[in-house]
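**Q** Fold the following and give me the result.
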Amino acid sequence: MSTLHLDAEALYADLVRGVRGLLGTNTVLVGVWSGGAWLAERLQRDLQLAGEPGVISSSLHRDDFGSKGMSASADHTRLPFSVDDADILLIDDVLYTGRTTRAVINELFDFGRPASVRLAVLVDRGGRQLPIEPVFSAARVTLAPAQALRLARDPDGRFTFDLKKGEA
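**A** Sure, this is the predicted structure:
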């Protein structure tokens, strides 16, 4: 097991500062299910933004659907605002290959045509397979392909990371 230690709460504080600088008058937050949704929910509150953030699932547009099947998160997409002409700021916990981001962008366009889509992440772990880059990441780390970094949330809403062997 690796000795990598990431302070998720400290990185979250960096994410707050980064996202604050990305907000415009027409910006809405959309969290990627599940860790990104937790982050977007807390960002919405901590940045005192009106309304509620959107939540989007990648399940219906994944390119590994045939091997993984339908995920239970397929029904988690909830966009409480019009996507048309919105400045969407996607929030995710860990960016790896870019395939989840591609899938949620496809899902977004099923709901309308946003003016723009940008991505902010807590951790960019490299290893991209698609030309997707965040406009902001609180940290960049290098992990072996066999390691998985997952955001966890305790009952009080505080964030931690789990680092495991396995596929991300």
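**Q** where does the chain have low pLDDT?
**A** Scanning the chain for pLDDT under 70 picks out 1-3, 62-75, 166-168.
**Q** in it, which spans are helices?
**A** 8-20, 35-46, 65-68, 99-111 (DSSP state H).
**Q** To Lys164, which of these lies closest?
**A** Among these, the nearest to Lys164 by CB to CB is helix 35-46 (14.2 Å). The C-beta positions use only the backbone N, C-alpha and C, and glycine is treated the same way.
**Q** Okay, buried residues for the closest one please.
**A** Within helix 35-46, the residues scored as buried using 16 or more other CB atoms under 10 Å are Gly35, Gly36, Ala37, Trp38, Leu39, Ala40, Glu41, Arg42, Leu43, Gln44.
**Q** Quick one: list the elements packing against that helix.
**A** helix 8-20, strand 27-32, strand 54-56, strand 87-95, strand 116-124, strand 147-153 (3 or more CB pairs under 8 Å, 6 or more residues apart in numbering; DSSP states H and E).
**Q** Next, the buried residues of the first one.
**A** Within helix 8-20, the residues that qualify as buried are Ala8, Leu11, Tyr12, Leu15, Gly18, Val19, counting by 16+ other CB under 10 Å.
**Q** So which of those is the closest to Ser116?
**A** The closest of the buried residues of helix 8-20, once distances to Ser116 are taken by CB to CB, is Val19, at 14.8 Å.
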